[in-house]
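Participant: got a predicted structure plus its sequence, pasted below:
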Amino acid sequence: MDIRIDDLSGPEVKQILTEHLEDMFATSPPECVFALDLEGLRKPNITFWTIWEDKQLLGCGALKTLDEAHGEIKSMRTTSAARNKGVASTLLRHILDTAKQKGLNKISLETGSQDFFAPARKLYAKHDFTECGPFSDYKLDPYSIFMSRGL
């Protein structure tokens, strides 16, 4: 598997992010969807990666730097063909390693509370994330679960 920083310009990336946003809006009220679109992911404080096998996109994920010590995982997604094959864990480890290299000492994320998000919560728990309260600009809401871990 090849993990690379991506400029978000390829059609495969646009497709996976469109699917991601569609799923988020299908499972949560609009005011409780915090997934970023293409423009939102192109901010200078966000690094976006894709993971490939040959020419097939397997997934994506991003690291948003909140401040000099704290980062946030954004836009973690695997393609349906890549699910349950270790792709998300591989990419998550890469993001965590990069966060450490940047000198961050805490990483957090927001995910959904609904059953649809159970696999994501299981993945993050497997990588030592634990539930926490809202961070950054998030507010407590019944559709969100917040998780974090030290680095």
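Facilitator: That came through fine.
Participant: please, where are all the helices along this structure?
Facilitator: For the chain, the helices defined by DSSP state H occupy 11-27, 38-41, 87-101, 118-126.
Participant: could you report the neighbour count for Phe25?
Facilitator: 13 (other CB atoms under 10 Å). In this view, the C-beta of every residue, glycine as well, is placed from N, C-alpha and C.
Participant: number the chain from 347, please
Facilitator: In the new count, where the first residue is 347, that last one comes out as Phe371.
Participant: check contacts around it.
Facilitator: Neighbouring residues of Phe371 by CB atoms under 8 Å, 6 or more residues apart in numbering: Val379.
Participant: re the thing from before, columns mean pLDDT and distance to Leu486 on top of the helices of the chain, output as a markdown table?
Facilitator: Below are those laid out as a markdown table (pLDDT from 0 to 100; distance: least, CB to CB, whole Å):
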| stretch | mean pLDDT | distance to Leu486 |
| --- | --- | --- |
| helix 357-373 | 95 | 18 |
| helix 384-387 | 96 | 22 |
| helix 433-447 | 97 | 25 |
| helix 464-472 | 96 | 17 |
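Participant: out of those, deepest packed?
Facilitator: helix 433-447 (a mean of 17; mean count of other CB atoms under 10 Å).
Participant: most distant residue from the centre of the chain?
Facilitator: Asp400 (22.4 Å; CA atoms, centre = their mean).
Participant: ok, which of the helices of the chain comes nearest Thr425?
Facilitator: helix 357-373 (6.4 Å; CB to CB).
Participant: reformat the helices of the chain into TSV and put distance to Lys485 next to each item.
Facilitator: Converted to TSV, those look like this (distance: least, CB to CB, whole Å):
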stretch	distance to Lys485
helix 357-373	17
helix 384-387	18
helix 433-447	24
helix 464-472	19
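Participant: thought Ile419 was touching Phe394, still the case?
Facilitator: No. The criterion here is CB atoms under 8 Å, and Phe394 misses it with Ile419 at 11.5 Å.
Participant: between these two, what contacts are shared?
Facilitator: In contact with both Phe394 and Ile419: 407-408, using CB under 8 Å, 6+ apart.
Participant: run a quick neighbour tally on Pro480.
Facilitator: 13.
Participant: how about it, phi and psi?
Facilitator: phi -60, psi 150 (degrees, to the nearest 10).
Participant: mind checking how far it is from Gly356?
Facilitator: 33 Å (CB to CB, to the nearest Å).
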